[in-house]
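*Asks:* just the structure for this:
(chains A and B)
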Amino acid sequence: MTDATDPLSREIEGPSPRQMLRARALKHKALIFGMTVVLLLVLVALFAPLLAPHDPYAQSLMNRMVKPVFMGGTWEHPLGTDHLGRDYLSRLIYGARVSLLIGAVAALISGVIGTAMGVAAGYFGGKVDAVVTFLINVRLAMPVVLVALAVVAILGGSLTVVICVLGLLLWDRFAVVMRASTLQVRRRDYVAAAQVIGASTPRIVLTEIMPNIFNNLIVVVTLEMAHAILLEAALSFLGLGVQPPTPSWGLMVSEGKNMMLFEPWLVLIPGAVLFVLVLAINLMGDGLRDVTAPEGRS
Amino acid sequence: MLPFILKRLGLALLVAFTVSFISFSLLFLSGDPAAALAGETASGEDIEAIRRIYGFDRPMLVQYGDWLFSALRGDFGESYYFKLPVASLIAERLQVTMTLGVCGILFALLTAVPLGVVAAIRPNSLTDRVALFLSVAGQAMPSFWFGLILIVVFAIQLGLLPPSGAATWRHFIMPTIVLGYYAMPAIMRLTRAGMLDVLGSDYIRTARAKGAGETRVLFKHALRNAIIPVVSLAAVQMGFMLGGSIVVESVFALHGAGYLAWESIARNDLPTVQALILVFSMFYIVFTFLADVLNAWLDPRMRSA
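*Replies:* Numbers count the residues shown, from 1 in each chain, chains lettered A, B, ... in the order given. The predicted structure is shown next:
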C-alpha cells in the first residue's frame, strides 16, 4: 500500500535527483551570475541589428575618436567612436557575434574530435588507448598560439579559417577528460550487463556510456569555449586572426593600441567586455561542475 | 627507476619526432611553397627556378628527411627574410625569452604558493574566497589586455616603468607579471588542494599531538609533501609559458624568440617559423620529461606508470 498518509512511504519519497540538481543550481550564486551574463550576451549577439544604434561598418571621418558619454561625449555615440569614426557601441555589439560564434563552433568541432578519441581510448583500452594518449602528448607539445598563427597566416585570416584552426587544436582537454570519465563508467555493472545481453558496441557507448559522462562533457565545453574566445582575441590582436573591418573585440583592442597614449578607453572598453564574457563562461563551467558533481568538490 | 626513465625517454623522442613532422608539413599547407616564396608578381620561370634552388621539386618525404637530419645537426636552413642561418637567429633571441620564462615562473610560484597555503589553512574564509576569485579572474583576463593596462598605468600615467624594450631589468618587470599570472591560478589551486589533503592526514595530527609548533607543522611537515605535485606542474607550465610568450613579447616589444616568431609569420619566413615551432615544442617535451622523472624520484609509486 503506497498511501501518502503512510509514514513509511513518505520517508522513502525524497526529492528526485533532477529536483536536487535544480535546487543546488539555484543556490549557486556564481553559476547564476555566469549564466545570466552569458544569456544576456547571447541575446545581444542574436538581436545585434535591433540593438546597435549605428551601422558598425559606417565610417565618418568628421567624427573620429569621439569620447564616450561618461567622459564628456554625447548620447549620439554612447561609447564614442574609433579611429575611423565608427560607432564603438555598435562595433562592440556586433563583436559579441564574432566571439560567441567562434567560441561555440570551435568548441563543437574540438568537442566532437576529443570526445570520440577520449571515449574510444577509455572504452577499448589497450592499443587504442596508447595511440590516443600519444596523440594527446603530441598535441600538448605543439605551441597553440604559434601553430594557430602560422596556419592562419598561410591559409589567410577569415572567420571560417580561425574557427577551423581553433577547433582542430583545442581537443586535448576533451580527450583527457572523456577518457578518464569513460574509464570510470565502463567498470560499472550496468555496462557489463549490457555486454552480457549482447548489446552492440555503438549501442553501449551511446545509451550506457554517453549519458553518464555527459555532465563532464558540458563542463569541458564551457571551459574550452572560453579558451577559444580568448585565443581568437589574441590572434586578432596580433593581426593574424579575424581581419578588419570585421568587428572583433581582440581586433578593436589592437586598433585602439596606437591611440592608447591619449585615448586609453579605446583599449579598456573592448578588453573589459571580453574579460566579462570569459569570466562569466568560466563561472558557469565551474558552477556546473560543482552542481553536477557535489561529492567531488574540494 | 632506470626502466621508467628509458621508457619515458623513448616516448618523449617519439613525440618529438612526430612534432617535427607536423611542423615541417605546415610548409605544404599553402599548396605550393615556391609560388608563395616568389610572390604574386613572379613569372612561371621564376617560380621554377626557386623550386629548384630550394629543392621543392623533390618528394615531400625526401625533403623532410633532409630537413630533419640538418636540424639534428643544429642546421635549420637560412631565413628567407634575414638571409642568415635560422639557428643563430633563434639562439640569439632565446636569451630574452628564457629570462622572461624563468622570471615568470618564479613570480607565479612566489605568489601562488603562499596564496594557496593561506587559502588552505582557513578554507571558506574571506582569504580563501579572495584567492579563489583571483584565480578565476586570472584565467579570464586576456593577457594582451592585461599588459596594455599595466603599460597605461605604470608607464604612461605613473611613469614608473619603461613601456617597451629589454635594455634593463626594469623592462622585464611588467612582462614577468603578465606572463607569470597566467600560470598562477593552476599552481594556486593545486597548492590549496594539496595542503587541504595533507592537513587532514594522520601524520599532521601526530605532529600536532607531539607538540610541534603550528609554523613547523605547516612548513616542515605539510608543505613539503603538498609541494611535490606543484613542482612538476610548474615545469609543465614553464613549457606552456615559453610558447605563450609570443603575445607578451609583442605587447612589450621584447625582441625574444616569440617576437621573432610573430615577425617571421607576418613575413612568410617559413624556415624560421618551422624551426621555432620545433624549438618551443622541444622545450615543452624536455620540461615534461624532467617533471615526470622528478616526480618518480620523489614518489616511487609513480614509477610504475
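*Asks:* in terms of helix, strand or coil, where does residue 42 fall?
*Replies:* Picking chain A for this. helix (DSSP: H, G, I helix; E, B strand; the rest coil).
*Asks:* not quite, go with chain B.
*Replies:* coil.
*Asks:* next one: residue A:199
*Replies:* Assignment for residue A:199 (three-state DSSP): coil.
*Asks:* against chain B, how distant is it?
*Replies:* The gap separating residue A:199 from chain B is 33 Å, by CB to the nearest CB, to the nearest Å. All C-beta spots, glycine's among them, are computed from the backbone N, C-alpha and C.
*Asks:* contacts only, for that residue.
*Replies:* Residues near residue A:199 by CB atoms under 8 Å, 6 or more residues apart in numbering or on different chains: A:207-208.
*Asks:* could you rerun that using 10 Å?
*Replies:* Neighbouring residues of residue A:199 by CB atoms under 10 Å, 6 or more residues apart in numbering or on different chains: A:191, A:193, A:205-208.
*Asks:* do the same with residue B:246
*Replies:* A:143, A:145-146, A:149, A:234, A:238, B:97, B:256-262, B:265, B:276, B:280.
*Asks:* chain neighbours aside, what residue packs nearest to it?
*Replies:* residue B:258 (3.6 Å; CB to CB, 6 or more residues apart in numbering or on different chains).
*Asks:* count of neighbours near that neighbour?
*Replies:* Residues near residue B:258, counting by other CB atoms under 10 Å in any protein chain shown, number 30.
*Asks:* still on that earlier bit, so which of the contacts of residue B:246 belong to helices?
*Replies:* A:145-146, A:149, A:234, B:97, B:257-262, B:265, B:276, B:280 (DSSP state H).
*Asks:* next, format those as CSV and append pLDDT and distance to residue A:122.
*Replies:* Shown next, in CSV, are the ones in helices among the contacts of residue B:246 (pLDDT from 0 to 100; distance: CB to CB, whole Å):
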residue, pLDDT, distance to residue A:122
A:145, 88, 29
A:146, 89, 30
A:149, 88, 33
A:234, 91, 32
B:97, 90, 37
B:257, 88, 37
B:258, 89, 36
B:259, 90, 41
B:260, 91, 41
B:261, 89, 36
B:262, 89, 38
B:265, 87, 37
B:276, 90, 35
B:280, 90, 30
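*Asks:* got phi/psi on the residue in the stretch 101-250 of chain A that chain B sits nearest to?
*Replies:* Chain B sits closest to residue A:143 of the stretch 101-250 of chain A, with a gap of 3.0 Å, by CB to the nearest CB. For residue A:143, the backbone dihedrals (degrees, to the nearest 10) come out as phi -70, psi 110.
*Asks:* for residue A:24, same thing?
*Replies:* Dihedral angles for residue A:24 - degrees, to the nearest 10 - are phi -60, psi -40.
*Asks:* tell me the SS of the residue lying closest to it once chain neighbours are set aside?
*Replies:* Among residues not flanking residue A:24 along the chain, residue A:291 sits closest, at 4.8 Å (CB to CB, 6+ apart). When classified by three-state DSSP, residue A:291 comes out as helix.
*Asks:* just to check, residue A:291 is in contact with residue A:31?
*Replies:* Yes - between residue A:291 and residue A:31 there is a contact under CB atoms under 10 Å: 6.3 Å.
*Asks:* now the common contact residues for those two.
*Replies:* With CB under 10 Å, 6+ apart as the test, residue A:291 and residue A:31 both reach A:24-25.
*Asks:* what sits against residue A:173?
*Replies:* Taking CB under 10 Å, 6+ apart, one finds A:110-111, A:114, A:118, A:136, A:140, A:220, A:223-224, A:227 in contact with residue A:173.
*Asks:* ditto for residue A:102
*Replies:* Neighbouring residues of residue A:102 by CB under 10 Å, 6+ apart: A:159, A:162-163, A:166-167, A:225, A:228-229, A:231-233, A:235-236, A:241-242, A:248.
*Asks:* now do residue B:82
*Replies:* Here residue B:82 is in contact with B:88-89, B:260, B:263-264, B:267, B:269, B:272 (CB under 10 Å, 6+ apart).
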